[in-house]
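Task: produce atomic coordinates for the following.
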Amino acid sequence: MMYWLALIALLVSATATAANQRLVSINPCFDDWLPQWVEHAWHVIPSSDHGNRLEQVLALEPDRVVAGSFVGRQLRLALQEHTQLTTMPYVANWQDWRAAVLRLGAELKQSSNAEAWLRTQEQALQELNLNGLNETLVLMPNGFTWGRKSWIYQLLEGQGVRLSALSGENDLVRLSLEDVLQSNPSTVILEGFSDRYARAHDWLWHDGLQDWLAQRRVIEVAGDLSSCADSRAIEYLRILHNGLAKELADAPL
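Just a heads-up that it's a prediction; the model follows:
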């Protein structure tokens, strides 16, 4: 009896999956994000299932593909010949991100779910408190930092964080070691570094920079999170919030 019940459940599940429209992600940032708000009318297939190879994506017979703006143009053009493709734009502020999510929600006929997800994000943003970070500098491998036209700059500024003057006016700024050592932020966010040594991290191991970092609050944000900072904005900010809270908790009375 149990066997037949299990078999029936499996067949029902398989039938439901077959009936659902196939929504294929070709961006790892969307693999976990889309299932948060897209209902069962869509069966979300993550990028890990096809490796962003055209033949494997098409073999999945997608009804729609969702890509990021950094996905290769040739792949996107090829996919457009066979299926509906939505490319989420590069965004630099919450308003643009909100508009992009609502546009995708409308295309998927999931507008109410997209709006609900955004409301949840907006509520979480209001509840986070980053007071205490003071002047902050974001550092990435090879000495890059985010500028005023970037998503991270706008996101942090919206939380009342004062970004270092080194950020400049563009979206991405290259810094020299001298630039960094002559600056005086109270907080440094090391974004996208890994435990494994890479030539991109050479400058991090400079004795002068190590001494400089030792005199400041340092908060690390992993690369898989920082590279998806639009769809995982709340997680990004919570890393900073938790780092600040831990320091305050550990401070002597």
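
Tell me the predicted confidence for residue 70.
Residue 70 carries a pLDDT value of 85.

Quickly find the element holding it.
Using DSSP states H and E, no element contains residue 70; it sits outside every helix and strand.

Would you mind measuring from it to residue 49?
20 Å (C-beta to C-beta, to the nearest Å). For every residue, glycine as well, the C-beta is placed using N, CA and C.

what does residue 122 give?
31 Å.

ok, now residue 146?
For residue 146 relative to residue 49 (C-beta to C-beta), the value is 32 Å.

And the two? Which one has more around it.
Between residue 146 and residue 49, counted using other C-beta atoms under 10 Å, residue 146 has the larger neighbour count: 28 against 13.

can I assume the more buried one is in contact with residue 152?
Yes - the pair residue 146 / residue 152 is scored as a contact, 4.3 Å apart, by C-beta atoms under 8 Å.

Identify the contacts common to those two.
residue 138 (C-beta atoms under 8 Å, 6 or more residues apart in numbering).

tally of neighbours for the residue nearest to residue 90 when sequence neighbours are not counted?
Leaving aside its chain neighbours, residue 90 sits nearest to residue 69 (4.4 Å; criterion: C-beta to C-beta, 6 or more residues apart in numbering). Residues contacting residue 69 under the criterion other C-beta under 10 Å number 13.

Can you tell me how far the most centrally placed residue in the chain is from residue 100?
Among the residues of the chain, the one closest to the centroid is residue 228, at 1.5 Å (C-alpha atoms, centre = their mean). Going from residue 228 to residue 100 by C-beta to C-beta gives 14 Å.

Where does residue 105 sit: helix, strand or coil?
helix (DSSP: H, G, I helix; E, B strand; the rest coil).

per-residue pLDDT, the nearest residue to it once chain neighbours are set aside?
Closest residue to residue 105 apart from its sequence neighbours, by C-beta to C-beta, 6+ apart: residue 114 at 2.7 Å. At residue 114, the model reports a pLDDT of 97.

what does the one 10 residues further on give?
Here, the pLDDT recorded for residue 124 equals 93.

Give me the buried positions along stretch 192-210.
Counting neighbours by 16 or more other C-beta atoms under 10 Å, one finds that the buried residues in stretch 192-210 are 192-193, 203-204, 209.

May I ask which two of these are separated the most?
The span of the buried residues of stretch 192-210, defined through C-beta to C-beta, is set by 192 and 209 at 16.2 Å.

just checking, what packs against the helix or strand where residue 100 lies?
Applying DSSP H and E as the criterion places residue 100 in helix 94-107. Other helices and strands packing on helix 94-107, by 3 or more C-beta pairs under 8 Å, 6 or more residues apart in numbering; DSSP states H and E, are strand 84-88, helix 111-127, helix 151-158.

Could you check how many residues crowd around the spatially closest residue to residue 62 that is not a sequence neighbour?
Nearest non-adjacent residue to residue 62, counting by C-beta to C-beta, 6+ apart: residue 24, 4.0 Å away. As a burial measure, residue 24 scores 27 neighbours (other C-beta under 10 Å).

Across the sheet, point out what pairs with residue 24.
When assigned by DSSP bridges, residue 24 has beta-bridge partners residue 45, residue 65.

All the strands of the stretch 101-250 of the chain, residue numbers only.
135-139, 144-146, 162-163, 172-174, 187-191, 217-221 (DSSP state E, counting those that start in this stretch).
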